[in-house]
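> Build the 3D model from these lines:
(4 chains)
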Number of protein chains: 2
Amino acid sequence: MANLSIGELAKQTHTKVETIRYYERIGLLPEPVRTAGNYRSYDDVQLGRLSFVRRARDLGFSLDQVRELLDLADQRDRSCEAVDTIARQHLVEVERKIADLTALRDELSDVIGRCRRGTVADCRIIETLAPSAV
Amino acid sequence: MANLSIGELAKQTHTKVETIRYYERIGLLPEPVRTAGNYRSYDDVQLGRLSFVRRARDLGFSLDQVRELLDLADQRDRSCEAVDTIARQHLVEVERKIADLTALRDELSDVIGRCRRGTVADCRIIETLAPSAV
DNA sequence: TATGGACCCTATAGTCACTACAGGGTCAAG
DNA sequence: CTTGACCCTGTAGTGACTATAGGGTCCATA
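Prediction:
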């Protein structure tokens, strides 16, 4: 049993104190018990829940999607299909972004190379990221 | 020469009309010429510029960074050192993003693999995303 | 016992990058 | 000459925080 203050919880989950209070305000985290001095007091269940939220956010899930995932985790007899669908959508998007960024990286390297050779004039950054066929 | 209305430009760049006006308001896009009826009228240069902005935004660059990249492409007579410095900074960031997204992709693939043909009870997405060792 | 500083509280406003009205004007088709 | 799709300006709302003001709590040290 942990009994963490909001600051300790923040430290352990790499979250700002304000963000935790914000999550509570929007109903993503339940209201914790309070100490005599009106301080919030958290246990390991809350710690796990917040860890999950933070990690999911870091992976690009919206707060609404996080809420959905939390609901799914609470109802453990349900099919995993919804989780799979959300993850699958993200995977497609992530792979497209990797491809785009790789193209941009190559172009930036090229610009740097050309710069070294003193021919800045034909910079093709715009052409790389804004192909005529949009 | 295209001579696009704001709606046509929006369609071609997969942008909302309001967003285009917003970009103009904050000075990211130049004010276009107006028709007799005070409608905005765009050409292919604007089209290319907006395409670039959208693509760069999608890749996770902030509007301020997009502004910098646009300057990089615009001011071709800049000194080599200035161009090199900006390009180099962006290259570092782009490479970090590629690494992050690659890790994310692997994790999502893993989640999808676990979810396949299981129930939430078997699906370990929660454990994956909220490991006890935070 | 007093006090200083680290921590906590609420409430509100600000940020970024849009997005959505409200209330009106323009324009081509029928 | 009206209908409906499109455009205009201006302002307010959204998501997900982040910061600030103005105060209360806790506890180690003088």
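> where does the closest residue to residue A:63 other than its chain neighbours land on pLDDT?
The spatially closest residue to residue A:63, leaving aside those adjacent along the chain, is residue A:28, at 6.4 Å (C-beta to C-beta, 6 or more residues apart in numbering or on different chains). From N, CA and C alone the C-beta is placed, and that goes for glycine too. Confidence at residue A:28, expressed as pLDDT, is 93.
> Would you agree residue A:28 falls within a strand?
No. According to DSSP: H, G, I helix; E, B strand; the rest coil, the state of residue A:28 is coil, so it is not within a strand.
> doesn't residue A:53 make contact with it?
Yes. Taking contacts as C-beta atoms under 8 Å, residue A:28 lies within contact range of residue A:53: 6.4 Å.
> neighbours of the residue nearest to residue A:63, just the number please.
Taking other C-beta atoms under 10 Å in any protein chain shown as the neighbour definition, residue A:28 ends up with a count of 17.
> Can you list the low-confidence ranges for chain A?
Applying pLDDT under 70 to the predicted model, the residue ranges of chain A that meet it are A:1, A:74-79, A:115-134.
> Can you name the residue of it nearest to DNA strand D?
Ranked by C-beta to the nearest atom of the strand, the top residue of chain A for proximity to DNA strand D is residue A:37, at 2.3 Å.
> can you count the residues close to that residue?
When neighbours are counted by other C-beta under 10 Å, residue A:37 registers 5.
> One more: residue A:94?
Residue A:94 is surrounded by 22 other residues when neighbours are defined as other C-beta under 10 Å.
> In contact with it, which residues?
A:60, B:101, B:104-105, B:108 (C-beta atoms under 8 Å, 6 or more residues apart in numbering or on different chains).
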